[in-house]
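Asks: sequence plus predicted model, see below.
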Amino acid sequence: MAKKVPLRQCVGCGEMKNKREMIRVLKATDGAICLDVTGKKNGRGAYICTQRECLQKARRNKGLERSFKMSIPEDVYETLDKEFNNIEAK
């Protein structure tokens, strides 16, 4: 029997993709928001494609706000943007 591939929806573009091809944005139990590269940290997760435009779309359409049911400060998006740079550099 074939293994079921876990799919997740991007909060930016809305496309369903394989979970492993995406980056997990994590809202930790203390309310901090960061990128979860391992995908194993505890907390509420939302997924974004690896393209930068998906992060910008999520910012415009308030995708992360809906996923986490809270307002996201501007500096959090800037931090995510910097973390995206680190991932792209690898």
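Replies: Received, thanks. For clarity, every value in this text was computed on a predicted model and none was experimentally measured.
Asks: may I see the buried residues of stretch 31-45?
Replies: 33-36, 43, 45 (16 or more other C-beta atoms under 10 Å). Just so you know, the C-beta spots here come from the backbone N, C-alpha and C atoms, and that holds for glycine as well.
Asks: and stretch 13-25, by the same measure?
Replies: For stretch 13-25, burial by neighbour count (16+ other C-beta under 10 Å) applies to 13, 17, 22-25.
Asks: mind listing what the closest residue in space to residue 13 that isn't next to it in sequence touches?
Replies: Distances taken as C-beta to C-beta, 6 or more residues apart in numbering place residue 54 nearest to residue 13, at 5.2 Å, with adjacent residues excluded. By C-beta atoms under 8 Å, 6 or more residues apart in numbering, residue 54 lies in contact with 10-13, 48.
Asks: could I get these as a markdown table with pLDDT and secondary structure?
Replies: As requested, those are exported to a markdown table (pLDDT from 0 to 100; DSSP: H, G, I helix; E, B strand; the rest coil):
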| residue | pLDDT | secondary structure |
| --- | --- | --- |
| 10 | 94 | strand |
| 11 | 94 | coil |
| 12 | 93 | coil |
| 13 | 93 | coil |
| 48 | 92 | strand |
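Asks: of the residues you listed, closest to residue 2?
Replies: residue 10 (24.0 Å; C-beta to C-beta).
Asks: just the helices in this protein please.
Replies: Remark: helices assigned in the chain by DSSP state H are 52-60, 63-68, 74-89.
Asks: out of those, which is closest to residue 29?
Replies: Across those, the minimum distance to residue 29, taken as C-beta to C-beta, is reached by helix 63-68, at 12.3 Å.
Asks: what residues does the closest one touch?
Replies: 11-12, 25, 27, 33, 44, 46, 57-58, 71-72.
Asks: now it: average pLDDT?
Replies: Averaging pLDDT along helix 63-68 yields 92.
Asks: list the buried residues in that helix.
Replies: If you call a residue buried by 16+ other C-beta under 10 Å, then helix 63-68 has these buried ones: 63-64, 67-68.
Asks: now the contacts of helix 63-68 in a markdown table, with distance to residue 4?
Replies: Below are those laid out as a markdown table (distance: C-beta to C-beta, whole Å):
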| residue | distance to residue 4 |
| --- | --- |
| 11 | 22 |
| 12 | 24 |
| 25 | 23 |
| 27 | 26 |
| 33 | 29 |
| 44 | 22 |
| 46 | 21 |
| 57 | 28 |
| 58 | 26 |
| 71 | 35 |
| 72 | 31 |
